[in-house]
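>>> okay, sequence plus prediction incoming.
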Amino acid sequence: MPTAIQPTHLATHTPVMLRQVVELLRGCLDRPGAVLVDGTVGLGGHAWALLDACPQTRLIGIDRDGAALAEAAERLGSFGDRVHLVRARFDELGAILDELSIDSAQAILLDLGLSSLQIDEASRGFAYSHDGPLDMRMDDRQSLDAAVIVNTWDRDALVSTFRDYGEEPHAVRVAAAIMNAREAAPITSTGRLVEIVQAAMPAAVRYGSGGHPAKRVFQALRMAVNDEVVSLAAVLPVALSRLAAGGRLAVLSYHSLDDRLVKQSFQQACRDRAPRGLPVVPESMRARFKMVSKGALRPDHGELGDNPRAASARLRVIEGVIP
């Protein structure tokens, strides 16, 4: 079968750990009627490669970002009715599959990173390296954006957000600086927020080699705006419950908070449910899943040379046990 051709005029997009994702999922997809759910279809890079490698597979692609979904539709257009795209949060997975009368999927993929469209477009407000409106919404239909959080949330809420979602050690200093700055004028741009955060940091952080001083704050705000931790915690048990026997769930994480949640969920799913000390584990209480690899997989050196943004990626894969 000839390889499909991707449109060349779309946004530049380099899917993270593409080779590993295809290798790990194609075995359970290369069969008649196989269903792939890409819960974060983004610009369609991973989905395109899997559809191309597995000609008997159909895709249910989910994303809350309307702009990304439009580009995915164009990129995946050559696959015709094998593709069904839905604008929704991935924690709506169960309802989406029910509506499509799909009981289970042979493979489910969640890529928890930002797309190049979101990072590189200043008007989206995700990046500390571009000056733009303080937005960070993946779904522009929602009312909560980063400007609302920065300008209206109280000190304690800001501190908790920066600590819990960004693991920012200087959360108190940053929150105080934001509170002081917004008294003079609302903070409406990413550039202004970067200035405030940088000024609040100790000199060792401002001039050190530990990355951009605003990186953790921006991460925390993005996660709060898009309710990312709650969504991930909600989708993991649903994804596991809708995975076919022998099917695989793959999750790409980019920071410790998400990866820890995925790791704990997978470990729990791979444990027997029998009480400790039981000499024989009944069939009904045996683990329904097994780890595909020991620990998280990482990008190889070749990929890191071509795509430095992949450096923090962690890929974990779990497989449903065939009875």
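Done, it's in.

>>> report the rounded mean pLDDT for stretch 192-203.
Average pLDDT, stretch 192-203: 96.

>>> who touches it?
128, 134, 146, 150, 170, 173-174, 176-178, 181, 187, 206, 213-214, 217-218 (C-beta atoms under 8 Å, 6 or more residues apart in numbering). Just so you know, the C-beta spots here come from the backbone N, C-alpha and C atoms, and that holds for glycine as well.

>>> contacts only, for the closest residue to residue 144 other than its chain neighbours.
Of all residues beyond its chain neighbours, the one nearest residue 144 is residue 225 (6.0 Å), with distances taken as C-beta to C-beta, 6 or more residues apart in numbering. Neighbouring residues of residue 225 by C-beta under 8 Å, 6+ apart: 136-138, 144-146, 149.

>>> tell me the SS of residue 212?
coil (DSSP: H, G, I helix; E, B strand; the rest coil).

>>> any idea how many residues pack against it?
By the criterion of other C-beta atoms under 10 Å, residue 212 has 15 neighbours.

>>> number of residues surrounding the nearest residue to it once chain neighbours are set aside?
Distance criterion C-beta to C-beta, 6+ apart; nearest residue to residue 212, sequence neighbours excluded, is residue 128 at 5.7 Å. Using other C-beta under 10 Å, residue 128 has 19 other residues around it.

>>> same question, residue 270
15.

>>> that one reaches residue 290, doesn't it?
Yes. Applying C-beta atoms under 8 Å as the test, residue 270 and residue 290 come out as touching, 5.8 Å apart.

>>> list residues touching both of the two?
In contact with both residue 270 and residue 290: residue 318, using C-beta under 8 Å, 6+ apart.

>>> which two from the contacts of residue 225 end up farthest apart in space?
Pairwise distances across these (C-beta to C-beta) peak at 14.6 Å, for the pair 138 and 149.

>>> look at these two and report which has more neighbours.
Using other C-beta under 10 Å as the criterion, residue 138 and residue 149 rank with residue 138 on top: 24 against 19.

>>> re the thing from before, in helices, which of the contacts of stretch 192-203 appear?
Among these, the residues falling in helices (DSSP state H) are 146, 150, 173-174, 176-178, 181, 206, 217-218.

>>> how about those residues in CSV, adding pLDDT?
Formatted as CSV, the ones in helices among the contacts of stretch 192-203 follow (pLDDT from 0 to 100):
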residue, pLDDT
146, 98
150, 98
173, 97
174, 98
176, 98
177, 98
178, 98
181, 98
206, 87
217, 98
218, 97
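
>>> just the buried members of those?
146, 150, 173-174, 177-178, 181, 217-218 (16 or more other C-beta atoms under 10 Å).

>>> could you dump those to TSV with distance to residue 79?
TSV is the format used below for these (distance: C-beta to C-beta, whole Å):
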residue	distance to residue 79
146	35
150	41
173	51
174	46
177	49
178	46
181	49
217	40
218	35
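
>>> what residues are bridge-paired with the nearest residue to residue 102 once chain neighbours are set aside?
In space, and not counting its chain neighbours, residue 102 is closest to residue 35: 6.0 Å by C-beta to C-beta, 6+ apart. Taking DSSP bridges, one obtains residue 58 as the residues bridged to residue 35.

>>> wait, residue 35 touches residue 105, no?
Yes. Using C-beta under 8 Å, residue 35 is in contact with residue 105, at 4.4 Å.

>>> widest-spaced pair of the buried ones among the ones in helices among the contacts of stretch 192-203?
146 and 173 (18.9 Å).
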